[in-house]
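Chemist: Got a predicted model here, sequence first, then my questions.
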Amino acid sequence: MHAPVTEKKTAGATSCQQPCPAAEPLKQEALAANPVTMFANGRLRYGQTGWSPRNSTYPRLDIDWSGSGNSCSGRVRPTTAAMGPVSLTFLAPGVYRVPGALVTANGPQCGPRGRRVPFFTTVDSAMSNIARLAEEEHRSDYQRTYQLTLQRWADIINAVAASGRTFGPGTRAAVETQINSLLTRNGNRTRNQWIAEINRLNALSLQRDTSGWHALKSDGPPVTVAPDCSKVTGTTVLAATTRVPGPASAALIN
């Protein structure tokens, strides 16, 4: 769990003779897990998707200023946003060891008391495809989060920029208040509020995992014991809770 993200405030210049850009985009702790090993201790990780909003391009509120003192005027510049990279991995068809899992092999080749051996599972093309589709659902969720936050943020600023409206005249603070009031009426939020919304929406994607919709069973039939009793191999099958495809991102991420 990540600590709340806060923004450090710094004093800005008071002159409006030069462009007065907003602060640099805030660095945000990623809610989604960063790519790590494909295997989790004691179970098989069939796939993983990661999006780190810290690597996104955040919109900026930049103002072109003219005048000085009580006669400042400002126009909003166009801005941009970009989602940044999304990582997506899933297991290809093959036989995989389930890390940390030991089972008792009871075949006749294993002796009268059996033997504790590693457990493997066979992932066929159908189960590999389920794993891929599951991760694509997470990717779609993150894309919708981006569209509802960073992209919308940029769209609100760009709509004002495209209008060509000049704000003022007045002090720089008064002009900024005019601009921010209009942006707020159009649906804009503070930087920290947008980040809180990113975190809230990203968390909704976890329902696909916590509800078992993306669960797969590694110990389905057939289960075989190696001729030399060196391992037991099961078959990856759907779990009782598996739901792929699940709810569309447009229905889940809101």
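Modeler: Done, it's in.
Chemist: Who does the residue nearest to Tyr142 when sequence neighbours are not counted form a beta bridge with?
Modeler: Using C-beta to C-beta, 6 or more residues apart in numbering and skipping the chain neighbours, the partner closest in space to Tyr142 is Trp51 (4.1 Å). The C-beta positions use only the backbone N, C-alpha and C, and glycine is treated the same way. Per DSSP bridges, the residues bridged to Trp51 are Val86.
Chemist: can I assume Trp51 is in contact with Ser140?
Modeler: No - between Trp51 and Ser140 there is no contact under C-beta atoms under 8 Å: 11.1 Å.
Chemist: which one of those two has more residues nearby?
Modeler: Applying other C-beta atoms under 10 Å to Trp51 and Ser140 shows that Trp51 carries more neighbours, namely 28 against 18.
Chemist: Now do the contacts for that one.
Modeler: By C-beta atoms under 8 Å, 6 or more residues apart in numbering, the contact list for Trp51 reads Ala30, Ala32, Met83, Gly84, Pro85, Val86, Ser87, Arg139, Tyr142, Thr145, Tyr146, Asn202.
Chemist: Give me the three-state assignment for the residue nearest to Cys110 when sequence neighbours are not counted.
Modeler: Leaving aside its chain neighbours, Cys110 sits nearest to Cys229 (4.0 Å; criterion: C-beta to C-beta, 6+ apart). Counting by DSSP: H, G, I helix; E, B strand; the rest coil, the backbone at Cys229 sits in coil.
Chemist: before we move on, the earlier item: mind checking which of the contacts of Trp51 land in strands?
Modeler: The strands, defined by DSSP state E, take in Val86, Ser87 from the contacts of Trp51.
Chemist: Just send the contacts of Trp51 back as a markdown table, with neighbour count and distance to Trp194 too.
Modeler: Shown next, in a markdown table, are the contacts of Trp51 (neighbours: other C-beta atoms under 10 Å; distance: C-beta to C-beta, whole Å):
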| residue | neighbour count | distance to Trp194 |
| --- | --- | --- |
| Ala30 | 17 | 15 |
| Ala32 | 21 | 17 |
| Met83 | 17 | 14 |
| Gly84 | 14 | 15 |
| Pro85 | 10 | 20 |
| Val86 | 18 | 19 |
| Ser87 | 15 | 23 |
| Arg139 | 17 | 21 |
| Tyr142 | 26 | 15 |
| Thr145 | 27 | 11 |
| Tyr146 | 22 | 11 |
| Asn202 | 21 | 13 |
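Chemist: Tell me the strands beside the longest strand anywhere in the chain, with direction?
Modeler: Longest strand in the chain, counting residues (DSSP E): strand 94-105. Strand 94-105 has the following strand partners under DSSP bridges: strand 115-123 (antiparallel).
Chemist: Report the rounded mean pLDDT for the strand it pairs with.
Modeler: Strand 115-123 shows a mean pLDDT of 95.
Chemist: going forward can the numbers begin at 878, since that is how I track them
Modeler: Sounds good: first residue 878 from here, last item strand 992-1000.
Chemist: And it, what's buried?
Modeler: Arg992, Val994, Pro995, Phe996, Phe997, Thr998, Thr999, Val1000 (16 or more other C-beta atoms under 10 Å).
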